[in-house]
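Asks: with the sequence up front, the predicted model follows.
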Amino acid sequence: MDPFVSNSSCRGPFRIGFGAPVGLVMTTMKRSWVYVTVVAAAAMVVIPALVLGQDGKKAEPAPAGKCMTCHRSINPGLYHQWYDSEHAKHNVTCIDCHGANKGDPDAFEHEGALVATLVTPKDCGRCHEKEMREVDGSHHAKAGLILESQDAYLAHATGGEPVAVAGCENCHGTNVKVDDKAPNKLSAKSWPNSGIGRLNPDGSKGSCTSCHPRHAFSKVQARRPEACGKCHLGPDHPQKEIYEESKHGNAFFSHVDEMNLKADRWVAGQDYSAAPTCATCHMSATTVRGATHDVGQRLSWTLRPAESALQEDWEKKRNNMKEVCMSCHGPRFVEGHYAQMDGVINLYDQKFAKPAGQIMKMITDKGLLKNKASFANDIEWVYYELWHHEGRRARHGAAMMGPDYTWWHGLYEVSQHFYFKFIPAARAYNDPEVNAYIDKMFKEDPMHQWMSRPTEEIKADIRSGKMQQFYKDMYTPKRKPE
């Protein structure tokens, strides 16, 4: 039975007499209302208690329990998600999160209460202040800045606004627009939206429900790899698919019942040891490091751009991640993994990204592109997919121990399209300077000389180890932060 709408016992901690239930006390974060709900034997009696509002004046009362009573009937799934949540167990109710202040741009009157549909990190931060601060300084909070990027241009220009709204902005986040004519004051173009870098009307960045979906806000769900799968998958950033093919993913799905996912404390190596999830490596606690909501604190490289870049304070951030790794692996294993990862990243950068970028720059600077608009020329698409899709897949595959994505979905396609799509497309402009750069690369760069050598000679150099010497210095991160 439901204590919020029936005569059953109350889940809240407040009791009087000989254990008779009194319901619960609900206090808002946005407005200072307090209500005491007394559950009688056969009926629910509501006693509104007035307290001072934020401006020192009495706040207007509203019918306590009305949210739960109504939404239990018209949105039973929503209601029961909340009812079974930790929020309900700790007496955090609808009005605690959705209550609004007069003057909030998205506030509206609803059933006698001033509310807002949108719950932002600033709202969540009233209770979860540390997490809010960490998110605000993270890569996730900056994801909404893609709205000004080449990716967003591509979606709007070649596709159109509807796909940018329903596609790009539903992962990266939208700039939420207030519509005074809408029933909930939010434009249909920007709501619903749970993009991780959402730009909110109150000035905050992000959406906690990206990882903690409403209204259960389950820690189990946030700890599982599927929580990240709405956005971190697909041809340009297939982290979910890479994880699933890796030994880490194999171990998780084989031993998910041993992951202790419901535990309050969740320390790698102590509370669970069967496998890591995305949260384990990027956010969760270890025996030597606390949990964080800043997902960049353990990343030494940024693999998003055309050419990889070491993060600011990359040594510190790499050590942060190594501490996580050593919850389950020995130091030599960890060092070996990073050497292999750095090798692939440097290989991609030096052999393909740098020359392709230089060639593309020459073509652009010399005005060789036939059509003026960005992405109106075939070579632009070839170059874009070379780094944005294939190059990222290779680098992410190496970073997450996914060999198939490192090679077959990664550098195999990078090399094929570099040599047999991008280079021919560049030569087609018949520009002396561009052709001279390409000719010199094939003649003088030992990594590219294989194209003009006999097969048996190449095989002999592979067997002798001579060819491997071209790459011997790639297994350490030598590039300076950008």
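Replies: Received it, and whenever you're ready, just let me know what you need. Source: prediction; values computed, not measured.
Asks: now A373. Nearest residue, chain neighbours left out?
Replies: Of all residues not flanking A373 in the chain, A157 sits nearest, at 7.0 Å (C-beta to C-beta, 6 or more residues apart in numbering). Quick note: C-beta positions are derived from backbone N, CA and C, even for glycine.
Asks: what about that neighbour, how many neighbours?
Replies: Residues near A157, counting by other C-beta atoms under 10 Å, number 13.
Asks: and K440, by the same measure?
Replies: Number of residues near K440 (other C-beta under 10 Å) recorded here: 11.
Asks: am I right that the residue nearest to A373 is in a helix?
Replies: Yes - the assignment for A157 is a helix, going by DSSP: H, G, I helix; E, B strand; the rest coil.
Asks: quick one: mean pLDDT for the top helix by length along the chain?
Replies: Ranked by residue count under DSSP state H, the longest helix found in the chain is helix 331-347. In this model, helix 331-347 carries a mean pLDDT of 98.
Asks: could I get the buried residue list for whichever helix or strand comes after it?
Replies: On the C-terminal side of helix 331-347, the nearest following helix or strand under DSSP states H and E is helix 354-365. Under the neighbour-count criterion of 16 or more other C-beta atoms under 10 Å, helix 354-365 has 355-357, 359-360, 362-363 buried.
Asks: reformat those residues as TSV; add pLDDT and distance to V256.
Replies: Converted to TSV, the buried residues of helix 354-365 look like this (pLDDT from 0 to 100; distance: C-beta to C-beta, whole Å):
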residue	pLDDT	distance to V256
P355	98	45
A356	98	41
G357	98	42
I359	98	47
M360	98	45
M362	98	52
I363	98	50
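Asks: need these in TSV with distance to A107, can you?
Replies: Compiled in TSV, the buried residues of helix 354-365 are given as follows (distance: C-beta to C-beta, whole Å):
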residue	distance to A107
P355	55
A356	51
G357	48
I359	54
M360	49
M362	54
I363	52
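Asks: quote the end-to-end distance of stretch 378-398.
Replies: Taking C-alpha to C-alpha, to the nearest Å as the measure, stretch 378-398 stretches 29 Å from start to finish.
Asks: my bad, stretch 343-358
Replies: Terminal residues of stretch 343-358 are spaced 22 Å apart (C-alpha to C-alpha).
Asks: go ahead and name everything in contact with that stretch.
Replies: With contact meaning C-beta atoms under 8 Å, 6 or more residues apart in numbering, stretch 343-358 is reached by 301, 303, 306-308, 383, 386-387, 391, 394-395, 397-399, 406, 411, 414-415, 418, 422, 437, 441, 445, 447-448, 471, 474-475, 477-479.
Asks: filter those to the buried ones?
Replies: Neighbour-count burial (16+ other C-beta under 10 Å) applied to the contacts of stretch 343-358 gives 301, 303, 306-308, 383, 386-387, 391, 394-395, 397-399, 406, 411, 414-415, 418, 422, 441, 448, 474-475, 477, 479.
Asks: which ones among those are found in strands?
Replies: Judged by DSSP state E, the buried ones among the contacts of stretch 343-358 include W301 as members of strands.
Asks: how far away is the closest residue in space to I423 that isn't next to it in sequence from E444?
Replies: What sits nearest to I423 in space, not counting adjacent residues and going by C-beta to C-beta, 6+ apart, is I438, at 6.2 Å. If you measure I438 against E444 using C-beta to C-beta, to the nearest Å, the figure is 11 Å.
Asks: just F217 next, same as before
Replies: Distance from F217 to E444, by C-beta to C-beta: 59 Å.
Asks: who has more neighbours out of these two?
Replies: Under the neighbour definition other C-beta under 10 Å, F217 and E444 were set side by side, and F217 has more, 20 against 9.
Asks: check the secondary structure at the more buried one for me.
Replies: Once three-state DSSP is applied, F217 turns out coil.
Asks: in contact with it, which residues?
Replies: Contacts here follow C-beta under 8 Å, 6+ apart; on that basis F217 touches 85-87.
Asks: list only those of those residues flagged as buried.
Replies: 85, 87.
Asks: nearest to G290, out of the contacts of F217: which one, please.
Replies: E86 (19.9 Å; C-beta to C-beta).
Asks: from S218, how far out is the closest one?
Replies: E86 is 8 Å from S218, by C-beta to C-beta.
Asks: go on, Y419?
Replies: Using C-beta to C-beta, one gets 48 Å for the distance from Y419 to S218.
Asks: more neighbours: those two, which one.
Replies: A side-by-side neighbour count of Y419 and S218, using other C-beta under 10 Å, places S218 first with 18 against 15.
Asks: where does S194 land in three-state SS?
Replies: coil.
Asks: residues in contact with it?
Replies: 170, 207, 209-210, 213.
Asks: I'd like to know which of these are part of helices.
Replies: Members of the contacts of S194 lying in helices (criterion: DSSP H): N170.
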